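Asks: just a sequence and a predicted model for now, questions to come.
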Amino acid sequence: NAGVTQTPKFQVLKTGQSMTLQCAQDMNHNSMYWYRQDPGMGLRLIYYSASEGTTDKGEVPNGYNVSRLNKREFSLRLESAAPSQTSVYFCASSETGLETQYFGPGTRLLVL
Amino acid sequence: KNQVEQSPQSLIILEGKNCTLQCNYTVSPFSNLRWYKQDTGRGPVSLTIMTFSENTKSNGRYTATLDADTKQSSLHITASQLSDSASYICVVNSGGSYIPTFGRGTSLIVHP
């Protein structure tokens, strides 16, 4: 089992460009999450999907959109990237909302 | 507002020594508490989970404690190894919520 996979691993964008971060899990988990991690700030929840077909805002959703494509895949889209979105993005999944979350390796994004 | 505070922010110890990391939370209602280990450049990995009725739980050289009355948890690392160098994150789940509350982590460096 690959667990949680994320693509790309690294990305450099110019201000105003758009991109989609991809996430997939092979553990048949119901819930999936997108976090960003900044130095000194810890992990902050951007969006989550409690189950296939549902998505909800987390703590810092502004500037992002998500799509739960199917049970395996949960993508994060930046429509118009800003330097403030420079961060490391982690996708995670769990059986349910209260179970252990399994994290992907992260995507390192730099917005110039 | 739900909060998780961790101390110390960073810690340096010599290989073979023991150490204890602290986590105080104000999450209500409490469901469970997890400690995650995050190696540099990687996603967090779960070490232990504590529920309301559990006081102590061990995972190899890692022992977590929970005092639900004072809303405090600790992670004790015995006979530290170089591979223990990482960030340790305390995460508390609230009953009925899909949004966990993350601490900012304690950065541990183990020197030979």
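Replies: Perfect, I can see it now. Residues are numbered from 1 along each chain as shown, chains lettered A, B, ... in the order given.

Asks: if I pick the residue nearest to residue A:90 when sequence neighbours are not counted, what's in contact with it?
Replies: Using Cβ to Cβ, 6 or more residues apart in numbering or on different chains and skipping the chain neighbours, the partner closest in space to residue A:90 is residue A:35 (4.6 Å). The way it works is simple: take the backbone N, C-alpha and C, and place the C-beta from them, glycine included. By Cβ atoms under 8 Å, 6 or more residues apart in numbering or on different chains, residue A:35 lies in contact with A:43, A:44, A:45, A:46, A:58, A:89, A:90, A:91, A:92.

Asks: and residue B:83, backbone torsions?
Replies: Backbone torsions for residue B:83, taken as degrees, to the nearest 10, come to phi -70, psi -10.

Asks: what number of residues lie near it?
Replies: Residues near residue B:83, counting by other Cβ atoms under 10 Å in any protein chain shown, number 9.

Asks: gap between it and chain A?
Replies: Using Cβ to the nearest Cβ, to the nearest Å, residue B:83 is found at 18 Å from chain A.

Asks: give the contact list for that residue.
Replies: Per Cβ under 8 Å, 6+ apart, neighbours of residue B:83: residue B:110.

Asks: again with residue B:50
Replies: Taking Cβ under 8 Å, 6+ apart as the test, what residue B:50 contacts is B:32, B:33, B:34, B:57, B:64, B:65, B:66, B:73.

Asks: name the element the first one belongs to?
Replies: Read that as residue B:32. Per DSSP states H and E, residue B:32 falls inside strand B:30-38.

Asks: contacts for that strand, please.
Replies: Residues contacting strand B:30-38 (Cβ under 8 Å, 6+ apart): A:98, A:100, B:23, B:25, B:44-52, B:62, B:64, B:66, B:68, B:71, B:73, B:75, B:86-96, B:105.

Asks: so which of those residues are in helices?
Replies: With helices taken from DSSP state H, there is no overlap with the contacts of strand B:30-38.

Asks: buried members of these into ChimeraX, please.
Replies: Applying 16 or more other Cβ atoms under 10 Å in any protein chain shown to the contacts of strand B:30-38, the buried members can be selected in ChimeraX as follows:
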select /A:98,100 /B:23,25,44,46,47,48,49,50,62,64,66,68,71,73,75,86,87,88,89,90,91,92,93,94,105
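
Asks: narrow the contacts of strand B:30-38 to those in strands?
Replies: Among the contacts of strand B:30-38, the ones falling in strands (DSSP state E) are B:23, B:25, B:45-51, B:62, B:64, B:66, B:73, B:75, B:86-94.
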